[in-house]
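>>> What follows is a predicted protein model with its sequence.
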Amino acid sequence: MKGEMGVLFRLFDYGGAMYNILVAEDDLDIIKILRLYLENDGMKVYEAHDGKAALTLLNENPIDLAILDIMMPKINGYELTKKLREKSNIPIVIISAKAEDSDVILGLNLGADDYITKPFNPLEVVARVQSNLRRFYSLNEAETENKGTVINVGNLRLDTVTCSLMKGSKKISLTSTEYKILQLLMKNPGRIFTKVQLYESAIGEYFESDENTIMVHISRLRDKVEDDVKNPEYIKTVRGLGYKIEKQESKS
């Protein structure tokens, strides 16, 4: 099964299966080291040396997670992330030498789940890949077994079987990380979660450099669910502590 349908299939049928990881990077030495560590962890690696080749592999193979460099020929990592998000919500991890806050924010805003700057420790990359895979695929399997679970807060309706969000009659598209953050908040209305708690629940082990990452994900969620992001109705910032979603009666 190919392309998007292959991705959807693997959401519910991956027990014991080898994960397929795409590494899109024009530095052959980096591909070599990532392949070594990922294959040693039991994963199958597809490699692409430019963005166009990566897009072809994504369309023709059941890729479970994509590791993308930014500065690639033909199609850069930002554009590739945007194209991938148009049809799939598989985890995307960006690895790039572009380390400015604006670069990280742009990558996350386009739909990446995680952002690692070069130079990197390959063991950290493997750990983050494992975390994203575990949280994305294990979460979907667990929610599938828990049939009929719908979380309602105000005008928001989160279906944990289809992993879809409705605001009134409008369907809102979420990345896997956004979904996991929102699910945690909506399951616990009124409870305050720190940035570390949200990050570790949605992505994995927290590093000091990841503070901006969770802020960007919260900002993107507000853009999607709030009528006025400057005066949010749902996702509230508790100064000095973290974030919470307000308790609200469900609206019919």
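All right, it came through fine.

>>> quick one: pLDDT of D113?
pLDDT for D113: 88.

>>> Kindly apply the preceding question to N212 instead.
pLDDT, read off for N212, is 76.

>>> Count residues in the vicinity of it, would you?
14 (other C-beta atoms under 10 Å). The way it works is simple: take the backbone N, C-alpha and C, and place the C-beta from them, glycine included.

>>> same question, L28
10.

>>> the helices in the stretch 151-252 of the chain, which residues?
176-187, 195-202, 211-225 (DSSP state H, counting those that start in this stretch).

>>> Lowest average pLDDT across those helices?
Minimum mean pLDDT among the helices of the stretch 151-252 of the chain: helix 195-202, a mean of 83.

>>> Keeping just the C-alphas, turn it into CSV.
Extracted in CSV, the C-alpha atoms of helix 195-202 (Å, rounded to 0.1, in the frame of the first residue of the first chain):
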residue,chain,number,x,y,z
LYS,A,195,6.0,23.5,29.3
VAL,A,196,8.1,20.5,30.3
GLN,A,197,5.0,18.4,31.0
LEU,A,198,3.4,19.3,27.7
TYR,A,199,6.6,18.7,25.8
GLU,A,200,7.4,15.3,27.4
SER,A,201,3.8,14.2,26.9
ALA,A,202,3.6,15.2,23.3
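
>>> helices or strands next to that helix in the packing?
On a contact count with 3 or more C-beta pairs under 8 Å, 6 or more residues apart in numbering; DSSP states H and E, helix 195-202 meets helix 176-187, helix 211-225, strand 242-245.

>>> Please convert these to JSON lines, extending it with distance to L80.
Shown next, in JSON lines, are these (distance: least, C-beta to C-beta, whole Å):
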{"stretch": "helix 176-187", "distance to L80": "17"}
{"stretch": "helix 211-225", "distance to L80": "18"}
{"stretch": "strand 242-245", "distance to L80": "30"}
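
>>> right, and these - which one's nearest T117?
Closest to T117 of the helices and strands packed on helix 195-202, according to C-beta to C-beta: helix 211-225, at 11.4 Å.
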